[in-house]
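Colleague: Build the 3D model from these lines:
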Amino acid sequence: MANIEEQSAVVHFDDDADLNDSDFNDSDNDVYDDDDILFDHNVTKGIELDMPLTIEDGQAPESDSSSHVSSEELNIRSDSESDENSSRQKFPEYYVENENGKKKNPHLEVGLLFSSFEELKSVLKDYAVFNGVEPILKRNDKDRVHCVCKDGCTWRLWASKLQGEKTVQIKTYVPKHTCFRVRTNKNATFKWLVEYYLDDFRADPEWKIKHFRSTVRNDFGLHITKVVSWNTRKYAKVLVEGSDEEQFALLHCYGAELRRTNPGSTVIVSQPIAYAVIQKENTSSWRWFLMLLSEDLSMENWSSVTLMSDRQKGLRNVVADLFPTAEHRFCVRHMYQIFFRKDFKGKHLKDCL
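Modeller: Numbers count the residues shown, from 1 in each chain. From the prediction side, this is the model:
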């Protein structure tokens, strides 16, 4: 299961109901008197002994035969690494299937192996979003998981650890749903949406909320709130661009690189020289600000100075008027977001920059 490595940024996200996946909370220390009875009733007998995999009469309605097959029909292969394990059967292991860089609807089956319960529950969240359902972990402890759908729905899954291992295996699986798809899904959290749409946010960090919600509705048939959409975009920008704290922490590295590539340069990393609060960003306010900055710096030879800014029209005119000999350059990231994106959209352009 591919996971996104989260930045260590301090970012505040608005509270929303989707931040808590209560149905997937661990209960590792919960032990119940009826555990053994539940295990006997739900675990498909013989799955680890190459016996026919069936569900006893009265336990579940009929389902596709592909969900209850003998272990000979599973993906079994011999382990030739040692004589000791040469006769041990191998069940199919779960792996993330991607299409165009995005994960696909998980294919679940009896015998499927997972590295841990955490991976299984993460896959169940993917399954829930793709299929418009909300599974509930009816039994969730350190040795087994019993997952069901809504009351009256026939779908269910039972998984437990292999003896003496941390590996988790699906022992029983009834794939058929008799419930209706949901329009709102608590498993579609902003973090899940960021993981799925991260490449799209790389191409367009300012993806409009209205368009993003429409995309989610078309892809999954789900309605997400504006708060979830806003948090998704905000978190995506942190992953793509980094936080302000992380960017500021790189200033000393930037200064060292300037000294290395421009021998003889004087680079001093300190607090901002000046800032101002104004009513509106226009030619008049920029002229006032830059004139004060020029007086404070008391620089006589502006030809040795490079000014870097965005492409704000009023600012460009004022710089050309006040500092005609200074070199004026523009921020590449801002050029991409504001200028190039109008005519040339897509990730390829940003990669070139």
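Colleague: residues in contact with the helix or strand that G255 is a member of?
Modeller: Counting by DSSP states H and E, the element that carries G255 is helix 251-261. Contacts with helix 251-261, where a contact means C-beta atoms under 8 Å, 6 or more residues apart in numbering, come from 265, 267-269. (C-beta placed from N, C-alpha, C; glycine too.)
Colleague: What of stretch 205-218?
Modeller: Here stretch 205-218 has contacts from 188, 193, 197, 200-201, 222-224, 226, 229-230, 232-233, 236-237, 240-241, 337, using C-beta under 8 Å, 6+ apart.
Colleague: could you dump that stretch to CSV, C-alpha only?
Modeller: The C-alpha trace of stretch 205-218 is given here as CSV (Å, rounded to 0.1, in the frame of the first residue of the first chain):
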residue,chain,number,x,y,z
PRO,A,205,-1.9,23.9,-6.7
GLU,A,206,-4.8,26.4,-6.9
TRP,A,207,-7.3,23.9,-8.2
LYS,A,208,-10.7,25.6,-7.7
ILE,A,209,-12.9,24.2,-5.0
LYS,A,210,-15.9,24.0,-7.2
HIS,A,211,-14.1,22.1,-9.9
PHE,A,212,-12.4,19.8,-7.4
ARG,A,213,-15.8,18.8,-5.8
SER,A,214,-17.2,18.2,-9.3
THR,A,215,-14.3,15.9,-10.1
VAL,A,216,-14.8,13.9,-6.9
ARG,A,217,-18.5,13.6,-7.7
ASN,A,218,-17.8,12.4,-11.2
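Colleague: End to end on stretch 307-323, go ahead and measure it.
Modeller: Distance between the two ends of stretch 307-323: 9 Å, counting by C-alpha to C-alpha, to the nearest Å.
Colleague: That stretch - what's its average pLDDT?
Modeller: What stretch 307-323 shows for mean pLDDT is 84.
Colleague: where does this structure have low pLDDT?
Modeller: Per-residue confidence for the chain (pLDDT under 70) gives these ranges: 1-90, 96-99, 271-273, 275, 336-353.
Colleague: and if we set it to 80?
Modeller: Under the criterion pLDDT under 80, the flagged ranges of the chain are 1-101, 243-245, 247-248, 265-277, 296-302, 304, 311-313, 331-353.
Colleague: C147 falls within a strand, correct?
Modeller: Yes: checked against DSSP: H, G, I helix; E, B strand; the rest coil, C147 lies within a strand.
Colleague: these two touch, right, it and C153?
Modeller: No: with contact defined as C-beta atoms under 8 Å, C147 and C153 do not form a contacting pair (11.5 Å).
Colleague: quick one: which of these two has more around it?
Modeller: For C147 against C153, the residue with the higher neighbour count under other C-beta atoms under 10 Å is C147, and the figures read 24 against 16.
Colleague: List the beta-bridge partners for that one.
Modeller: The residues paired with C147 through beta bridges, assigned by DSSP bridges, are L137, L157.
Colleague: list the contacts for it?
Modeller: 124, 135-138, 156-159.
Colleague: got a markdown table for these, with neighbour count and distance to I209 too?
Modeller: Putting the contacts of C147 into a markdown table (neighbours: other C-beta atoms under 10 Å; distance: C-beta to C-beta, whole Å) gives the following:
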| residue | neighbour count | distance to I209 |
| --- | --- | --- |
| L124 | 22 | 28 |
| P135 | 22 | 29 |
| I136 | 15 | 30 |
| L137 | 21 | 32 |
| K138 | 14 | 36 |
| R156 | 20 | 37 |
| L157 | 24 | 35 |
| W158 | 24 | 40 |
| A159 | 25 | 38 |
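Colleague: Would you check which pair of the residues you listed lies furthest apart?
Modeller: The two members of the contacts of C147 with the most space between them (C-beta to C-beta) are I136 and A159, at 14.4 Å.
Colleague: show me where the chain has helices.
Modeller: When assigned using DSSP state H, the helices of the chain occupy the ranges 35-42, 117-131, 190-203, 209-220, 226-241, 244-249, 251-261, 283-297, 313-322, 332-334, 347-352.
Colleague: Nearest to V168, out of these?
Modeller: With C-beta to C-beta, the closest approach to V168 among those belongs to helix 117-131: 5.4 Å.
Colleague: Now the closest one - C-alpha only, PDB.
Modeller: Extracted C-alpha coordinates of helix 117-131, given in PDB (Å, rounded to 0.1, in the frame of the first residue of the first chain):
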ATOM      1  CA  PHE A 117      -3.900  -5.200  10.000                       C
ATOM      2  CA  GLU A 118      -3.100  -1.600   9.300                       C
ATOM      3  CA  GLU A 119      -2.600  -2.400   5.600                       C
ATOM      4  CA  LEU A 120      -5.800  -4.400   5.500                       C
ATOM      5  CA  LYS A 121      -7.800  -1.500   7.100                       C
ATOM      6  CA  SER A 122      -6.200   1.000   4.700                       C
ATOM      7  CA  VAL A 123      -7.300  -1.200   1.800                       C
ATOM      8  CA  LEU A 124     -10.800  -1.500   3.200                       C
ATOM      9  CA  LYS A 125     -11.000   2.300   3.200                       C
ATOM     10  CA  ASP A 126     -10.000   2.300  -0.500                       C
ATOM     11  CA  TYR A 127     -12.600  -0.300  -1.100                       C
ATOM     12  CA  ALA A 128     -15.200   1.700   0.700                       C
ATOM     13  CA  VAL A 129     -14.600   4.900  -1.300                       C
ATOM     14  CA  PHE A 130     -14.400   3.200  -4.700                       C
ATOM     15  CA  ASN A 131     -17.600   1.200  -4.100                       C
END
